[in-house]
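**Q** just to be clear, the model below is a prediction. Sequence and coordinates:
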Amino acid sequence: MTGPQSAVDSLEAQLPDDEWDVTAYPDTRALTRAVQDRDALGGFSMEADGVTVYTAAAGGQQATGAITALGDSLAERQSVPVNVHEVVPFPDDDPKGTGLASAALPMIFGGILPAVVLLQLFPGHAGLRLRLAGVIAFALAAGAAVTAVLQFGIGTLDGNFWLTSLGMGLGMAALAIPFLGLESLFGYAGFGAGSVVMMFLGNPLSGLGTGPYWLPDGWSTLGQLLPPGASGSLLRSNAFFDGTGAGGPLLVLALWALAGLALMVIADRRRGKRAAA
């Protein structure tokens, strides 16, 4: 927030320490830059003639609502008007980001579906490489298709289409490749276990509909370490923040894809040894 030090101290005293971190910025330009760089979810400019609330709905809808409500409360206590300035809004075609919340299931099914189909089409050891090539091709195509619907059909996304679609495709591949690896090493039991974890743990903890910071700390961290959560954060970064904050999600997704490849290599070598014996 910006404003007199007394106002900053007063705000800090009113907020629960375990829910909010208050940082004082020298001016509104520094505050808006912090929001754009994802160093802050939002903020306030406290002046004698009113309170200006700075929000980033595209970074997290629930946090934006809470910050706006807090700004209204502060203005009411001081009997001054309040203004809301959206630093990073959703596009005008989808101002509430409804389409973003609906992207979670397509991303998850984009990882499960191709793995299931390709396991049926190219079963066994001989089809291992074909399955891998197939899920990568499907992820790239499905990532472009889902991004096109969200950006040009619904109007939810705003950013470089190709960069966003590649990120979406990476998220699907980071699901599909581990599924193939689990099936290669443990059979359909491994595949089923992985699917259950991603559907019933990864999906609700992704924070795609609310923003990851709205979940409890431990669960939020776990959600961002799973492919659905990392995919959602990468999608926000690419679609609304010009790639700011994309490094962490990219690393998580790359590690999941590599882990899946490692499982496939282990399974391949085991089968090779059995054949040689």
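**A** Received, thanks. Residues are numbered from 1 along each chain as shown.
**Q** report how many residues lie close to residue 226.
**A** 20 (other CB atoms under 10 Å). C-beta coordinates here come from the backbone N, C-alpha and C atoms, glycine included.
**Q** repeat that for residue 53.
**A** Counted with other CB under 10 Å, residue 53 comes out at 23.
**Q** now do the SS call for it.
**A** Put simply, residue 53 is strand when judged by DSSP: H, G, I helix; E, B strand; the rest coil.
**Q** for it, which non-adjacent residue is closest in space?
**A** Nearest residue to residue 53 in three dimensions, chain neighbours excluded: residue 71, at 3.5 Å (CB to CB, 6 or more residues apart in numbering).
**Q** measure that neighbour to residue 90 for me?
**A** 19 Å (CB to CB, to the nearest Å).
**Q** can you show me the CA trace of stretch 125-134 as PDB?
**A** This file holds the C-alpha atoms of stretch 125-134, laid out as PDB (Å, rounded to 0.1, in the frame of the first residue of the first chain):
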ATOM      1  CA  HIS A 125       6.500 -53.000 -25.200                       C
ATOM      2  CA  ALA A 126       6.500 -52.500 -29.000                       C
ATOM      3  CA  GLY A 127       4.200 -49.600 -28.800                       C
ATOM      4  CA  LEU A 128       6.100 -47.700 -26.100                       C
ATOM      5  CA  ARG A 129       7.700 -45.100 -28.300                       C
ATOM      6  CA  LEU A 130       4.600 -44.700 -30.400                       C
ATOM      7  CA  ARG A 131       2.500 -44.000 -27.300                       C
ATOM      8  CA  LEU A 132       5.100 -41.400 -26.200                       C
ATOM      9  CA  ALA A 133       5.100 -39.600 -29.600                       C
ATOM     10  CA  GLY A 134       1.300 -39.800 -29.700                       C
END
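**Q** pLDDT on stretch 146-153, on average?
**A** The pLDDT scores in stretch 146-153 average 95.
**Q** try stretch 268-277
**A** 67.
**Q** likewise for stretch 76-91?
**A** 89.
**Q** just the strands in the chain please.
**A** 42-47, 50-55, 82-86 (DSSP state E).
**Q** adding distance to residue 220, write these out as CSV.
**A** Shown next, in CSV, are these (distance: least, CB to CB, whole Å):
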stretch, distance to residue 220
strand 42-47, 17
strand 50-55, 20
strand 82-86, 24
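**Q** which one of those lies closest to residue 229?
**A** Closest approach to residue 229 among the strands of the chain is made by strand 42-47 (21.2 Å; CB to CB).
**Q** what's the angle from that closest one to strand 50-55?
**A** 170 degrees (axes from the mean of the first three to the mean of the last three CA atoms, to 10 degrees).
**Q** strand 42-47 vs strand 82-86, what angle?
**A** Using the same axes, to 10 degrees: strand 42-47 against strand 82-86 is 140 degrees.
**Q** coming back round to it: the residue nearest to residue 53 against residue 82, yeah?
**A** Yes. Contact criterion CB atoms under 8 Å: residue 71 and residue 82 qualify, at 5.5 Å.
**Q** apart from its neighbours in sequence, what residue is nearest residue 34?
**A** The nearest residue in space to residue 34 (CB to CB, 6+ apart) is residue 40, at 4.2 Å.
**Q** residue ranges with poor pLDDT in the stretch 151-277 of the chain?
**A** 272-277 (pLDDT under 70).
**Q** which residues of it fall in helices?
**A** Secondary structure of the stretch 151-277 of the chain (DSSP state H, counting those that start in this stretch): helices at 161-186, 188-197, 217-224, 227-240, 247-276.
**Q** most tightly surrounded among those helices?
**A** Counting by mean count of other CB atoms under 10 Å, helix 227-240 has the highest mean neighbour count of the helices of the stretch 151-277 of the chain, with a mean of 28.
**Q** centre of the chain to it, how far?
**A** 3 Å (CA atoms, centre = their mean, to the nearest Å).
**Q** which strands and helices sit next to that helix?
**A** Where contact means 3 or more CB pairs under 8 Å, 6 or more residues apart in numbering; DSSP states H and E, helix 227-240 is packed against helix 104-121, helix 161-186, helix 217-224, helix 247-276.
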